[in-house]
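Novice: Starting from these lines, generate the structure:
(one chain, ligands or ions: 1)
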Amino acid sequence: MKVLLLGGTGEARELADLLLSMGVEVVSSLAGRTSEALQPAGQVRSGGFGGAEGLSAWLSEHPVDAVVDATHPFAATITANAVTATRAAGVPHLILRRPGWTPEPGDVWHWTDTAGAAAAVLPTLGNRVFLTIGRQGLQVFATTGLWTLARCVEPPEPRPTWCELLFDRGPYDVAGELSVLREHRIDVLVTKDSGGPQTSAKLVAARQLGVPVVLIRRPPLPDGAEAVNSVDRVVEWVKARR
Ligand code: NAP
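Specialist: Numbers count the residues shown, from 1 in each chain. Presented below is the predicted three-dimensional model:
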């Protein structure tokens with residue numbers, strides 16, 4: 001059995017290991033935008049396919065028995081394209097969507113639908129902002145006029161001049177997140193609802209310091225797409241197709 005695994009996440013790398021250990025042939029696909037991306041085991045291809053049509057063409061040139069989309073919950077374009085392309089090609093398709101975060105006692109969370117809405121609410125919540133949304137989509141926060149620290153793996157292009165940048169890559173721990181919040185006197189945190197344990201320590205740190213958090217909701221899954229919420233469920237799905 002051969003699987004195309006759309007990746008760029010920790011779960012995708014874990015799945016590549018698990019599927020390979022079951023004797024499944026895996027081709028992992030990465031967007032190819034991070035210069036030192038962590039490499040999954042097995043075959044790897046890198047770079048966009050060229051939209052849904054490009055992915056359809058790739059699937060006819062490289063036949064696979066299934067496509068598993070283990071991309072990040074906010075990678076909505078590739079997820080939509082994979083639904084369209086696999087439907088057109090008649091290839092079984094599954095999305096791995098890790099659960100979102102849920103608040104705990106002591107959390108002060110403000111949910112917004114978009115980054116723009118998050119930027120709009122910030123001046124009512126604080127003066128020193130910690131943006132943990134990656135390097136894409138930062139510009140919308142330039143208009144807040146608030147002191148801002150933006151954390152990303154690599155420098156955004158073009159490099160913003162209106163905010164401080166902090167280069168780092170998860171996983172993060174609570175002690176480290178507490179020291180970032182304290183050192184920069186952060187009084188409001190912005191995050192996407194990425195879910196998962198790798199980047200959740202900031203939420204614990206914010207809770208401990210009483211710092212409010214603005215969470216950007218996930219884009220919805222494409223209509224009718226089959227999705228599971230754990231690596232184990234993906235493995236079961238693949239086993240059922242062998
Ligand atoms: P996106 O907006 O959904 O995708 C933009 C374009 O990038 C797609 O149309 C596709 O180009 C290409 N692409 C994305 N993922 C790809 C993959 N796994 N293999 C081949 N091409 C891919 O995605 P994004 O939000 O920019 O994220 C890019 C990658 O980073 C994803 O693989 C995702 O898992 C990972 N990531 C994203 C985030 C996040 O917050 N968005 C966080 C951590 C990791 P074509 O149309 O040319 O095929």
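Novice: check contacts around the residue in the chain positioned nearest to the ligand.
Specialist: The ligand sits closest to G48 of the chain, with a gap of 2.3 Å, by C-beta to the nearest ligand atom. C-betas here are computed from N, CA, C, even on glycine. Shown in contact with G48 (C-beta atoms under 8 Å, 6 or more residues apart in numbering): A31, G32, G54.
Novice: List, one by one, the residues from this protein near the ligand.
Specialist: 6-9, 29-31, 48-51, 54-55, 71-72, 74-78, 81, 134, 192 (C-beta under 6 Å from any ligand atom).
Novice: switch the cut-off to 8 Å
Specialist: Proximity of the chain to the ligand, by C-beta under 8 Å from any ligand atom, involves residues 6-9, 12, 29-34, 45-52, 54-55, 70-81, 133-134, 136, 192, 194.
Novice: Quick check: ChimeraX command selecting the buried ones in these.
Specialist: In ChimeraX, this line selects whichever of those come out buried by 16 or more other C-beta atoms under 10 Å:
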select :6,7,8,9,12,29,30,31,49,52,55,70,71,72,73,74,75,78,79,80,81,133,134,192,194
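Novice: and the residues of the chain next to the ligand, which of them are in strands?
Specialist: Using DSSP state E, the subset of the residues of the chain next to the ligand located in strands is L6, S29, L30, R45, S46, K192.
Novice: residue nearest the centroid of the chain?
Specialist: H72 (3.1 Å; C-alpha atoms, centre = their mean).
Novice: Run a quick check on that residue versus G8, I expect a contact.
Specialist: Yes: the criterion here is C-beta atoms under 8 Å, and H72 meets it with G8 at 6.2 Å.
Novice: Mind listing what's buried along stretch 122-137?
Specialist: Within stretch 122-137, the residues that count as buried by 16+ other C-beta under 10 Å are L122, L125, G126, V129, F130, L131, T132, I133, G134, R135, G137.
Novice: Would you mind checking which of those residues is nearest to H110?
Specialist: Using C-beta to C-beta, L125 comes nearest to H110 of these, at 6.9 Å.
Novice: residues contacting the closest residue to K239 other than its chain neighbours?
Specialist: Computed as C-beta to C-beta, 6 or more residues apart in numbering, the closest residue to K239 that is not its neighbour in sequence is M22, at 7.4 Å. Applying C-beta under 8 Å, 6+ apart to M22 gives the contacts V235, V238, K239.
Novice: list the contacts for the second one?
Specialist: Each residue near V238 by C-beta under 8 Å, 6+ apart is listed here: M1, V3, L19, M22, V24, A66, V68.
Novice: Convert whichever helix in the chain runs longest to PDB, retaining C-alpha atoms only.
Specialist: If each helix of the chain is counted by residues according to DSSP state H, the longest one is helix 76-89. What follows is helix 76-89, C-alpha atoms only, in PDB (Å, rounded to 0.1, in the frame of the first residue of the first chain):
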ATOM      1  CA  ALA A  76      -6.900  25.500   4.800                       C
ATOM      2  CA  THR A  77      -5.800  25.900   1.200                       C
ATOM      3  CA  ILE A  78      -4.000  22.600   0.900                       C
ATOM      4  CA  THR A  79      -6.700  20.900   2.800                       C
ATOM      5  CA  ALA A  80      -9.400  22.200   0.400                       C
ATOM      6  CA  ASN A  81      -7.300  21.400  -2.600                       C
ATOM      7  CA  ALA A  82      -6.700  17.800  -1.400                       C
ATOM      8  CA  VAL A  83     -10.400  17.200  -1.000                       C
ATOM      9  CA  THR A  84     -11.100  18.500  -4.600                       C
ATOM     10  CA  ALA A  85      -8.200  16.500  -6.100                       C
ATOM     11  CA  THR A  86      -8.900  13.200  -4.400                       C
ATOM     12  CA  ARG A  87     -12.600  13.400  -5.200                       C
ATOM     13  CA  ALA A  88     -11.600  14.000  -8.900                       C
ATOM     14  CA  ALA A  89      -9.100  11.200  -8.800                       C
END
